[in-house]
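*Asks:* Here is the input, now give the coordinates:
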Amino acid sequence: MKNILIKVSFVFALCAALTTTGCRKDFFDSVPDDIVKVDEIFSNREQSERWLAGIYSTVPDIWDIRYTYLYPLMSDESDASNWINPAINSGAISPGNSTAGFMGYYEKIRLATIFIENIDKNQEITSAANGDGIIRQYKAEARFLRAYNYWLMMKEQGPVPIAPLQSAKPDNNYQIPRSSWDECVNFVLSEIALAKQDLPLLNYSYGSNTIDPTKTGRINKLIALAVESQIKLYHASPLYNGNTELADFKNLDGKQLFNQTYDASRWAQAAEAAKAAIDAAEAAGKSLYQKADSDPFRAAFLSCRDLYWDGVKTEGIWLRPQTSMDLYEAHVAPRSTEGTGWNGLSVVQSLVDDFRMKDGSSIAGNSSYNENTYAAAGNQYYATGTNTMYTNREPRFYAYVTFNGAVNPCVAKASTGSTNNSRVEFFNTGNSGKAGAPRDFPKTGYTIRKNLNPAFSMLSFTSTYRPAMIIRLAELYLNYAEALNEANPSSSDILKYLNKVRTRAGLPALTAGLSQDQLRKEIRLERRIELCFEAGHRYFDVRRWKIADKPGSNQGGEFYGMSMEKGTYLSDPAFHTRTVAYTRAPWQRKFYFMPMGQNEMDRNKQLVQFPGY
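*Replies:* Numbering: from 1, shown residues only. I've put the predicted structure just below:
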C-alpha cells in the first residue's frame with residue numbers, strides 16, 4: 001500500500017512538476033523565511049544567502065521521478081500509462097490543465113530581482129574580506145538564474161512576457177504582452193553576458209571523494225557558457241529560425257512573434273558558442289569519462305553505465321548536488337529486484353531499434369540481426385535463450401535498456417525453485433511480466449536501465465549517492481557538431497567531436513566523405529541515443545528540428561513493443577512479436593509548445609494563447 005500511495009502521489013504532483021524539485025536539504029532547497037521583511041533579511045548575511053538559495057530551487061532535478069514522468073513520457077522515448085499519462089498524449093491538454101510551470105518561474109524571477117536590488121545593503125557581507133567581490137558574484141548568480149528561468153519558460157511556451165527589471169509594486173501595470181522570440185533570446189543572452197563578468201570560472205573543488213553541496217552546482221562561467229550554447233543552438237533551429245508555419249502567431253497589435261526570415265548566420269554563432277564552452281571546460285580539466293578494461297566492449301559499456309556516478313567529476317558541467325534518484329530507480333527497477341521494483345517506466349520499441357549493432361551498423365536490413373532465433377549461450381549482459389534481436393548490439397544498449405533475458409540490472413531477489421531472478425523476464429508469466437502484477441509492468445516489454453546503479457535495492461531504498469548532471473560535456477560536443485555541420489559542413493571538427501562521443505560508446509569512428517545530410521542524420525541519431533531520458537532533450541529536439549510528425553520520430557499515433565499478453569518461457573516466440581503497445585493522439589501543430597495557464601490568460605488581457613489552444 002505504501003508503494004501504491006507513493007506512485008499515486010505523483011499524479012497529483014504532475015501539475016507542479018516543473019516547479020517542484022523534491023530534493024533533500026541543501027543549497028538548492030532553502031527558501032526565504034519571510035519575503036515581506038525585505039530590509040531585515042538583507043541586513044543579515046545568513047538570511048540573504050538563504051534567499052539566494054531559494055532562487056536555485058527551480059533548477060531542474062532531471063532524475064527526480066516527477067521530471068522523468070514528464071518529457072520522456074511526452075516523446076518517443078518512454079511510457080508509464082499504467083500509472084500516469086500526460087494530457088498531451090491523449091490530445092486533452094488545455095490551458096486549464098497545462099503542466100507548464102509559468103507562475104513558479106515568475107516567482108523565482110521576482111525573487112531574483114529583489115535580491116539584485118537589495119544585496120548591496122548587506123553590511124555584514126560588504127564588511128567581510130572581499131565583501132564587494134562576494135556581492136558581485138551573488139548578484140551575477142541571481143542575474144543568471146533570473147535569465148535561466150526565462151529560458152525554461154521559453155523552451156516550454158515559446159515567446160513569453162518579459163517582466164520589468166525592477167521589483168513589482170502594487171500600482172504597476174501587469175498587462176504585458178509576449179515579447180517576440182528574438183527579443184526573448186536577446187534579453188536572456190544579454191543578461192547571461194552581464195552575469196559572466198562577475199562569475200568565477202569554477203567556484204568549487206572536489207575533496208577526496210566528497211562534493212560540497214553548498215558550492216557544487218552554484219553558477220559559474222562554465223555553466224553560463226554551456227547554457228549559452230544550448231540557447232544559441234535552439235535559436236538557429238528550424239522551429240525558431242524563419243518558421244513560416246507559425247506566421248499566424250501574433251500579439252493583439254499584430255506583432256509577429258516568430259521571425260519569418262531564415263538567418264543562416266545563427267548556426268555559426270551557435271557553433272562558436274559551443275566551441276567556447278568546450279574550450280573552457282577542457283581547459284578546466286573536463287573530459288569524457290572513460291573506464292579502462294582489457295575488453296574494449298566492456299570498457300565502453302562501463303564508461304556509459306558508470307558515467308552517472310563515477311564520471312560526474314570528469315564530465316559534469318552543471319551538477320545538482322542532491323537528487324531524488326532513489327524514486328527514479330524504484331520505478332525503473334524490474335520486479336525481480338530485491339524488495340520488488342515497481343517495473344513500469346518502459347522504453348519505446350522505436351528507440352530500442354535505433355540502438356546500433358556492435359559494429360555501428362543499423363539493424364535495418366542487417367543480415368546479422370535476427371528476431372526469430374535465440375542465444376545458445378549467455379554472457380554478462382543477457383541469459384542463455386535470449387532473443388538474438390538483443391544480442392550483438394552496441395554497448396550503450398546494455399547500459400540504457402532492460403529487455404527480456406537481460407541480466408538483472410541491480411540487486412536481484414534470491415532465486416527459488418524455478419524462479420530465476422538473476423535475469424529479467426518480461427514475458428507474460430515471467431518474474432517481471434504482466435501476469436504477476438496488475439499495473440507494475442512495462443507496456444512495451446522494456447524498462448529504462450540508464451542511471452540505475454547495480455547496487456540498488458528496494459530494501460530501504462538502498463541507492464548510491466551521486467549528483468545529477470544537468471549539462472555534461474558530451475552534450476556540448478554534440479551541440480558543436482550539429483551547429484558546425486549546418487554552418488560549415490566541410491569542417492573536420494564535425495567528425496572530430498561527433499566521433500569523441502561515438503568511440504567512447506564503443507562505436508567505430510565515422511570517416512570523411514559523408515554528405516551534410518548524412519552527417520545531420522548521424523548527429524541527430526547520436527543525440528537520440530547518447531542523451532536519451534536526460535533533461536527532456538528528445539522532447540525538445542524533435543520540436544526544434546520540426547520532425548515530430550515524421551516517420552521514425554513521430555510523437556503521436558501507434559507505438560510498438562513486445563507482446564506482453566503472451567509468453568510462458570524466456571524464448572517464447574509469442575512474446576517476441578511486435579505489437580501496438582499503446583496509441584497517442586495524432587501530432588498537432590499546437591503541441592510545439594505548452595499552453596499558457598487559463599488563470600494567467602484571465603489576468604493578463606494582453607497575453608495571446610499559442611494557436612490551437
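
*Asks:* So which elements touch the helix ranked longest in the chain?
*Replies:* What stands out as the longest helix in the chain, according to DSSP state H, is helix 131-157. Helices and strands touching helix 131-157, by 3 or more CB pairs under 8 Å, 6 or more residues apart in numbering; DSSP states H and E, are helix 45-55, helix 102-118, helix 123-126, helix 181-196, helix 221-236. All C-beta atoms are positioned from the backbone trio N, CA, C, and that covers glycine.

*Asks:* Any chance of a markdown table for the ones you listed, columns mean pLDDT?
*Replies:* Listed next are those as a markdown table, based on pLDDT from 0 to 100:
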| stretch | mean pLDDT |
| --- | --- |
| helix 45-55 | 96 |
| helix 102-118 | 94 |
| helix 123-126 | 96 |
| helix 181-196 | 98 |
| helix 221-236 | 98 |
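
*Asks:* Let me know which of these is the nearest to R504.
*Replies:* helix 221-236 (18.6 Å; CB to CB).

*Asks:* returning to what we had before: columns mean neighbour count and distance to P586 on top of the helices and strands packed on helix 131-157, output as a markdown table?
*Replies:* Compiled in a markdown table, the helices and strands packed on helix 131-157 are given as follows (neighbours: other CB atoms under 10 Å; distance: least, CB to CB, whole Å):
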| stretch | mean neighbour count | distance to P586 |
| --- | --- | --- |
| helix 45-55 | 19 | 40 |
| helix 102-118 | 20 | 26 |
| helix 123-126 | 15 | 56 |
| helix 181-196 | 18 | 26 |
| helix 221-236 | 24 | 25 |
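
*Asks:* so can I have CSV of those helices showing distance to T373?
*Replies:* Output for these, formatted as CSV (distance: least, CB to CB, whole Å):
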stretch, distance to T373
helix 45-55, 57
helix 102-118, 52
helix 123-126, 69
helix 181-196, 52
helix 221-236, 42
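
*Asks:* Now do stretch 584-591, average pLDDT.
*Replies:* The pLDDT scores in stretch 584-591 average 98.

*Asks:* then whatever helix or strand K275 lives in to CSV, C-alphas only?
*Replies:* For K275, the element it lies in under DSSP states H and E is helix 265-283. What follows is helix 265-283, C-alpha atoms only, in CSV (Å, rounded to 0.1, in the frame of the first residue of the first chain):
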residue,chain,number,x,y,z
SER,A,265,24.4,33.0,-39.5
ARG,A,266,22.8,31.8,-36.4
TRP,A,267,24.3,28.4,-36.9
ALA,A,268,27.8,29.9,-37.0
GLN,A,269,27.0,31.7,-33.8
ALA,A,270,25.8,28.5,-32.2
ALA,A,271,28.9,26.7,-33.3
GLU,A,272,31.1,29.5,-31.9
ALA,A,273,29.2,29.4,-28.5
ALA,A,274,29.6,25.6,-28.3
LYS,A,275,33.3,25.7,-29.0
ALA,A,276,33.8,28.4,-26.4
ALA,A,277,32.1,26.3,-23.8
ILE,A,278,34.1,23.2,-24.8
ASP,A,279,37.4,25.0,-24.7
ALA,A,280,36.7,26.5,-21.3
ALA,A,281,35.5,23.1,-20.0
GLU,A,282,38.6,21.3,-21.3
ALA,A,283,40.9,24.0,-20.0
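
*Asks:* What average pLDDT does that helix get?
*Replies:* 98.

*Asks:* for stretch 84-91, same thing?
*Replies:* Mean predicted confidence for stretch 84-91 is 96.

*Asks:* Strands of the chain, start to end?
*Replies:* With DSSP state E applied, the chain shows strands at 78-79, 316-320, 346-347, 401-402, 447-448, 468-472, 557-561, 579-584, listed in chain order.

*Asks:* could the ones you listed be laid out in a markdown table, adding mean neighbour count and distance to M594?
*Replies:* As requested, these are arranged in a markdown table below (neighbours: other CB under 10 Å; distance: least, CB to CB, whole Å):
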| stretch | mean neighbour count | distance to M594 |
| --- | --- | --- |
| strand 78-79 | 26 | 19 |
| strand 316-320 | 24 | 23 |
| strand 346-347 | 28 | 24 |
| strand 401-402 | 26 | 28 |
| strand 447-448 | 28 | 24 |
| strand 468-472 | 26 | 20 |
| strand 557-561 | 18 | 21 |
| strand 579-584 | 17 | 16 |
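
*Asks:* Adding distance to I231, write these out as a markdown table.
*Replies:* Listed next are the strands of the chain as a markdown table, based on distance: least, CB to CB, whole Å:
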| stretch | distance to I231 |
| --- | --- |
| strand 78-79 | 26 |
| strand 316-320 | 14 |
| strand 346-347 | 30 |
| strand 401-402 | 31 |
| strand 447-448 | 28 |
| strand 468-472 | 12 |
| strand 557-561 | 31 |
| strand 579-584 | 29 |
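
*Asks:* how about the ones you listed, which one is nearest E482?
*Replies:* Among the strands of the chain, strand 468-472 sits nearest to E482 (CB to CB), with 15.3 Å.

*Asks:* neighbouring strands for that closest one, and are they parallel or not?
*Replies:* strand 316-320 (antiparallel) (DSSP bridges).

*Asks:* circling back: and the longest helix of the chain with helix 221-236, angle?
*Replies:* 30 degrees (axes from the mean of the first three to the mean of the last three CA atoms, to 10 degrees).

*Asks:* Nearest to F249, out of the strands of the chain?
*Replies:* Evaluated over those, closeness to F249 peaks at strand 579-584, with 24.1 Å, by CB to CB.

*Asks:* tell me what that closest one is packed against?
*Replies:* Counting by 3+ CB pairs under 8 Å, 6+ apart, strand 579-584 packs on strand 557-561.

*Asks:* what lines up beside the strand it packs on in the sheet?
*Replies:* Here, using DSSP bridges, strand 557-561 pairs with strand 579-584 (antiparallel).

*Asks:* C-alpha coordinates for the partner strand, CSV please?
*Replies:* Listed next in CSV are the C-alpha coordinates belonging to strand 579-584 (Å, rounded to 0.1, in the frame of the first residue of the first chain):
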residue,chain,number,x,y,z
THR,A,579,2.6,-5.3,-31.4
VAL,A,580,0.9,-2.0,-30.7
ALA,A,581,1.6,-1.2,-27.0
TYR,A,582,-0.4,2.0,-26.8
THR,A,583,-1.7,4.8,-29.0
ARG,A,584,-1.4,8.5,-28.6
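
*Asks:* which other residues reach it?
*Replies:* 79, 81, 89-90, 346, 348-349, 443-445, 555-564 (CB atoms under 8 Å, 6 or more residues apart in numbering).

*Asks:* so what's D76 up against?
*Replies:* V348, S350, L351, R538, V542, S553, N554, Q555, F559.

*Asks:* Is K139 in contact with N122, as I believe?
*Replies:* No: under the criterion of CB atoms under 8 Å, K139 is not in contact with N122, lying 11.1 Å apart.

*Asks:* nearest spatial neighbour of E565, skipping sequence neighbours?
*Replies:* Distance criterion CB to CB, 6 or more residues apart in numbering; nearest residue to E565, sequence neighbours excluded, is N428 at 6.1 Å.

*Asks:* just checking, that neighbour touches A437?
*Replies:* No: counting by CB under 8 Å, A437 is not a contact partner of N428; they are 11.5 Å apart.

*Asks:* Just want to know which of those two has more residues nearby.
*Replies:* More crowded of N428 and A437, by other CB atoms under 10 Å: N428, with 20 against 15.

*Asks:* So for that one, what's the pLDDT?
*Replies:* pLDDT, N428: 98.

*Asks:* Regarding it, what are the backbone dihedral angles?
*Replies:* Here is the backbone geometry of N428 (degrees, to the nearest 10): phi -50, psi -50.

*Asks:* Going by neighbour count, list what's buried in the longest helix of the chain.
*Replies:* 134-157 (16 or more other CB atoms under 10 Å).

*Asks:* Keep only those of the contacts of D76 that are in helices.
*Replies:* Checking these against DSSP H, those in helices are S350, L351, R538, V542.

*Asks:* With that, I have no additional questions.
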